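> Quick one, structure for this:
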Amino acid sequence: MQAAMQRVMIVGQPGSGKSTLARQIGAITGLPVEHIDRIHWMPGWQERHRKEKTRMCHEVHARDRWIFEGGHSATWRERLARCDTYIWVDLPLALRSWRVLKRTLRHYGRSRPDLPEGCPEQISWEFYRWIWDTRKTGRIGPARCLRSAQKTKAAHHLRSPAEVKRFVVNLAAAYGTPVPPVD
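This next block holds a predicted model:
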């Protein structure tokens, strides 16, 4: 386990646990956590313009220390070049769908911690449809990044909740910190 993380790239499909893992790694390492959903969305579920999202991602990439979780694949090449650790959380569709439903019900009517204020959680059948429609295509980019990262970086392909938990436990041990709770 690498103990000197400075820039961590976390990707995965909706409901994979990217945000939770990012917060846990942040608690262990002290690195600041950036959520793509805070860049992608503005209050009222208004999508930010693509150029503005790209500019904001570039600002994060330019920093010395970060944990950056989420999409905007147009910036993945730069993010991958800058990161020292790449993590792909690649969980099964059924589990991810269940987790999205659970978080929706848990935060219904309120903004989740990884979203900007003014984006209350809601049931969105369009979102579920998108999860279904991208169940295969959404794995192509992360797999490509993994192959690239394995050559020069600490690269992790986490395929189950047990693997994610093991990763967090090992990281906490490497840093000599307690395992942070899952929220």
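
> my guess is Met9 contacts Thr85, does it?
Yes: contact between Met9 and Thr85 holds when scored by CB atoms under 8 Å: they sit 7.1 Å apart. Placement of C-beta: from N, CA and C, glycine included.

> in the helix or strand of the chain at the bottom of the mean pLDDT ranking, what counts as buried?
Here the helix or strand of the chain ranked lowest by mean pLDDT, DSSP states H and E is helix 125-133, holding a mean of 88. For helix 125-133, burial by neighbour count (16 or more other CB atoms under 10 Å) applies to Ile131.

> For it, name the packing helices and strands.
With contacts defined as 3 or more CB pairs under 8 Å, 6 or more residues apart in numbering; DSSP states H and E, the packing partners of helix 125-133 are helix 93-107.

> Could you report the distance from Pro116 to Asp133?
Going from Pro116 to Asp133 by CB to CB, to the nearest Å gives 25 Å.

> Where do the strands of this structure begin and end?
7-12, 33-35, 41-42, 46-47, 66-69, 85-89, 154-158 (DSSP state E).

> gap between Ser73 and Ile36?
Ser73 sits 10 Å away from Ile36, going by CB to CB.

> count of residues packed around the closest residue in space to Met56 that isn't next to it in sequence?
Leaving aside its chain neighbours, Met56 sits nearest to Ile39 (4.7 Å; criterion: CB to CB, 6 or more residues apart in numbering). Residues lying near Ile39 (other CB atoms under 10 Å) number 23.

> quick one: Ile39 and Lys53 touch, right?
Yes: between Ile39 and Lys53 there is a contact at 5.5 Å, judged by CB under 8 Å.

> Overlap of the contact sets of the two?
Common contacts of Ile39 and Lys53 (CB atoms under 8 Å, 6 or more residues apart in numbering): His72.

> List the contacts of Trp98.
Each residue near Trp98 by CB under 8 Å, 6+ apart is listed here: Gly15.

> And it, what's its pLDDT?
Turning to Trp98, the model gives it a pLDDT of 94.

> Output the strands of the chain as a markdown table; include the columns mean neighbour count.
Output for those, formatted as a markdown table (neighbours: other CB atoms under 10 Å):
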| stretch | mean neighbour count |
| --- | --- |
| strand 7-12 | 25 |
| strand 33-35 | 22 |
| strand 41-42 | 17 |
| strand 46-47 | 10 |
| strand 66-69 | 26 |
| strand 85-89 | 25 |
| strand 154-158 | 19 |
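
> didn't Ala74 look like it was pressed against Met56?
No: with contacts counted by CB under 8 Å, Ala74 stays clear of Met56, the gap being 11.9 Å.

> what's the span of stretch 116-127, first residue to last?
Start-to-end span of stretch 116-127 (CA to CA, to the nearest Å) is 18 Å.

> Pull the distance from that stretch to the chain's centre.
Mean-position distance between stretch 116-127 and its chain equals 17 Å (CA atoms, centre = their mean, to the nearest Å).
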